[in-house]
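In: model this:
(chains A and B)
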Amino acid sequence: MSFLHIHNVHKRFGDTHVLKGIDIAIEKGDFLVLVGPSGCGKSTLLNMIAGLDAISEGELLLNGERINDLHPSRRDIAMVFQSYALYPSMTVAGNIGFGLEMRKVPKAKRREAIQRAAELLQIENLLNRKPAQLSGGQRQRVAMGRALVREPQLFLFDEPLSNLDAKLRVDMRTEIKQLHQRLGTTIVYVTHDQIEAMTLATRIAVMRGGELQQLGTPQSVYDDPNNLFVAGFMGSPSMNLVTARITRQDGALVARIASANNEVTLPIVRDRAALEAWCDRDVMLGLRPEAITDPASANREDGEIHEAELEVALVEPTGADLYVVTRLGGRSINARMRPGAPLSPGQSTRFAFDVSRMVAFDPETEARIRDETDATTQVTARPAALGQNV
Amino acid sequence: MSKPPSSRGFGERLQHWLPRLVLSPSFVLVLFFVYGFILWTTYISFSNSGMLPDYTWAGTRQWSRLWSSWTWGIALHNIWVFGLLYIVTCTALGLLLAILLDQRIRAEGTLRTIYLYPMALSFIVTGTAWQWFLNPGLGLERTMHSLGWESFSFNWLIDANMAIYTVVIAAVWQATGFIMAMFLAGLRGIDGEMIKAAQIDGAPAWKIYLRIIIPQLRPVFLSAIVVLAHLAIKSFDLIVAMTGGGPGNATAVPATFMYSYAFSRNEMGIASASAVFMLAVIAALIIPYLYSELRESRS
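Out: Coordinates of the predicted model:
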């Protein structure tokens, strides 16, 4: 039995079907991130776990207990809100201790718990201030302190970093991750930011239009997307997607990407069995920017490198990397090369494609074309090798 | 490249002077009829005036006559009782109604309008209506008697000890809806996530209101009290319509006192002194309030 089990949960507001049967199960200590574009139902799902929204259909189990109809205060959860939702008339200590006070924890014990939470979050010197006297980052800490102090079974975070500026957001992200590692708590976290999802999660649930698109470890969601939406949503810069025709060349299955001015033929090494059925048909091919590099930085040990000569359209240095844009199959293709590579627009150079990381999608249904057995081995057998590239 | 002022076009000069031109008549009128007469009344309160203005200086004679007047004592006592009950009841009832209306009930729009309607009536109408309603020979008591409840008695309106409370009832009836609307606006401004957080923290609804929501309504309380306080001090028409200050002097307030001394008792000096005193009390309430409000909006 998993620790938190969301079983076929539906939500309807009148005639609108907001959540269409969500199934998610996580273990104790997991950090589940619900990610998706706005309106995908992720916040609604979180509110339902919290008990702030009623469940229309389905079951919610926490630690084996059905909590569908339990009042929020009796679910043993704590929640951090996007607006922080601090009580303006109380001091920081009052805010953190309010939940304990409502649960009739004796004063001395309460003060001790507040002190401990404040130390953990380094806000001891702010305990006597009012929320209006705090900066955004400090308010965020107080909101987390209010959740931590109760030591609940489950923490819920609703886009907690979206009101912070970019620099602070990265710092707080690290801090949340450290807290999770230190305390070993179970967390459900909602965000629309896929980088936050990738960095924080042990489990990612990608949602769209009230449906779960994919549930898995960050790496598996990144490397082995279930469909075109997940492939495009996760990762920045996003995955290169281009139309290709599957054909047979010298007995082997290949993908031909052709346009008016160039043509590249890439061998198929992944999901070969499934792609047999697509021979002489068009598919949507996906390749991450880091799977297209210069020949010198290509990883030949773990990958299958196939080189092709293409013209450089644009060069974008970021300092750590050099993103090189080229045109292929009528689309712009982003390649990640080593910084300082002597390239300029208009020049031709060799691109190294790691075809072992190539994924294919049905252009009609947008579903992934993959071998049934391959799907599991891909994720479990090679995480270390894939980790280096990300 | 700015032109010298003499060579500016007519349109530009007009634009410069037009706002002053448009505002000046009302400015002059307000200056004369409001502030001018305040000064005039203040002077009269230090003069020998009786039925007609008499500009001979009398020092504080009228003021000491005012403060030794038995009726003025009653009027001050009444305004205390009336003002305190009026402000406290209106605020408490208005807040209660606002909280009840804020529970996302279905007919909220209709109910809000019903509660606000009394504010649309003039005090004279309210006073007359409540006078009929509470008149033992005409209204509630008589209706109860005709329905068969012979022992029913509600004669506060003609009871000198209780008459002031009937005025409170009518005034509360009129202003509560307005105060409710103020509180409702305040309640709507409170972050919903905060209430959710308090629910998860395990606070029951009444504690959420007591500890989290009501403390945040402090500015609304301040506005409500200032509005009600100056309405209470100015209250005149309601009392004239309802009790005429009676029975006897039982419901006299400073405003009715001033009116009767100025226009029926021919004691302009005392009336002026009472008017100046009322102005001073209202100013003492309003000026700090305006000062704090304006300072807040500037910063």
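In: and the stretch 101-250 of chain B, which residues reach chain A?
Out: B:191, B:193-194, B:196-203, B:207, B:211-212, B:215-216 (C-beta under 8 Å from any C-beta of the partner chain). (Each C-beta comes from the backbone N, C-alpha and C, glycine too.)
In: can you do 6 Å?
Out: Within the stretch 101-250 of chain B, the residues that sit near chain A (C-beta under 6 Å from any C-beta of the partner chain) are B:191, B:193-194, B:196-197, B:199-203, B:212, B:215-216.
In: helices along chain A, start to end?
Out: A:42-50, A:92-102, A:107-121, A:136-148, A:166-183, A:194-200, A:218-223, A:228-233, A:272-276, A:372-381, A:383-389 (DSSP state H).
In: possible to save those helices as TSV with mean pLDDT?
Out: Formatted as TSV, these follow (pLDDT from 0 to 100):
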stretch	mean pLDDT
helix A:42-50	92
helix A:92-102	92
helix A:107-121	91
helix A:136-148	90
helix A:166-183	89
helix A:194-200	92
helix A:218-223	92
helix A:228-233	92
helix A:272-276	88
helix A:372-381	47
helix A:383-389	36
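In: so where is the stretch 1-150 of chain B shaky, pLDDT-wise?
Out: B:1-8 (pLDDT under 70).
In: tell me where it has helices.
Out: For the stretch 1-150 of chain B, applying DSSP state H, counting those that start in this stretch gives helices covering B:10-30, B:37-44, B:61-68, B:70-101, B:108-120, B:123-134, B:140-146.
In: and the following helix or strand past the shortest one, what's its mean pLDDT?
Out: For helix B:140-146, the following helix or strand on the C-terminal side (DSSP states H and E) is helix B:163-188. The pLDDT scores in helix B:163-188 average 90.
In: distance of the most centrally placed residue in chain B from chain A?
Out: When C-alpha atoms, centre = their mean is applied to chain B, the residue found nearest the centroid is residue B:231 (0.8 Å). According to C-beta to the nearest C-beta, to the nearest Å, residue B:231 and chain A sit 28 Å apart.
In: so which strand or helix has that residue?
Out: Using DSSP H and E, the element containing residue B:231 is helix B:218-234.
In: which residues does that helix contact?
Out: With contact meaning C-beta atoms under 6 Å, 6 or more residues apart in numbering or on different chains, helix B:218-234 is reached by B:83, B:86, B:87, B:90, B:91, B:179, B:182, B:183, B:186, B:282, B:285, B:289.
In: buried ones in it?
Out: By neighbour count on 16 or more other C-beta atoms under 10 Å in any protein chain shown, the buried set for helix B:218-234 is B:220-221, B:223-233.
In: got it, and stretch A:191-203?
Out: Here stretch A:191-203 shows A:191, A:192, A:193, A:194, A:196, A:197, A:198, A:200, A:201, A:202, A:203 as buried, counting by 16+ other C-beta under 10 Å.
In: which one of these sits closest to chain B?
Out: residue A:191 (16.3 Å; C-beta to the nearest C-beta).
In: returning to that earlier point: scan the contacts of helix B:218-234 and report the most crowded one.
Out: residue B:179 (29 neighbours; other C-beta atoms under 10 Å in any protein chain shown).
In: the inter-axis angle of the helix holding residue B:231 versus helix B:70-101?
Out: 150 degrees (axes from the mean of the first three to the mean of the last three C-alpha atoms, to 10 degrees).
In: show me how far helix B:218-234 is from its chain's centre.
Out: Offset of helix B:218-234 from its chain centre (C-alpha atoms, centre = their mean, to the nearest Å): 7 Å.
In: that helix vs helix B:123-134, what angle?
Out: 80 degrees.
In: please save the CA atoms from helix B:218-234 in CSV.
Out: C-alpha atoms of helix B:218-234 as CSV (Å, rounded to 0.1, in the frame of the first residue of the first chain):
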residue,chain,number,x,y,z
ARG,B,218,-9.9,47.8,11.7
PRO,B,219,-9.9,50.5,9.0
VAL,B,220,-13.6,49.6,8.3
PHE,B,221,-14.4,49.9,12.0
LEU,B,222,-12.7,53.3,12.1
SER,B,223,-14.6,54.6,9.0
ALA,B,224,-17.9,53.2,10.3
ILE,B,225,-17.5,54.8,13.7
VAL,B,226,-16.5,58.2,12.3
VAL,B,227,-19.5,58.1,9.9
LEU,B,228,-21.9,57.1,12.6
ALA,B,229,-20.5,59.5,15.2
HIS,B,230,-21.0,62.6,13.0
LEU,B,231,-24.5,61.3,12.0
ALA,B,232,-25.3,61.0,15.7
ILE,B,233,-24.2,64.5,16.6
LYS,B,234,-26.0,66.0,13.6
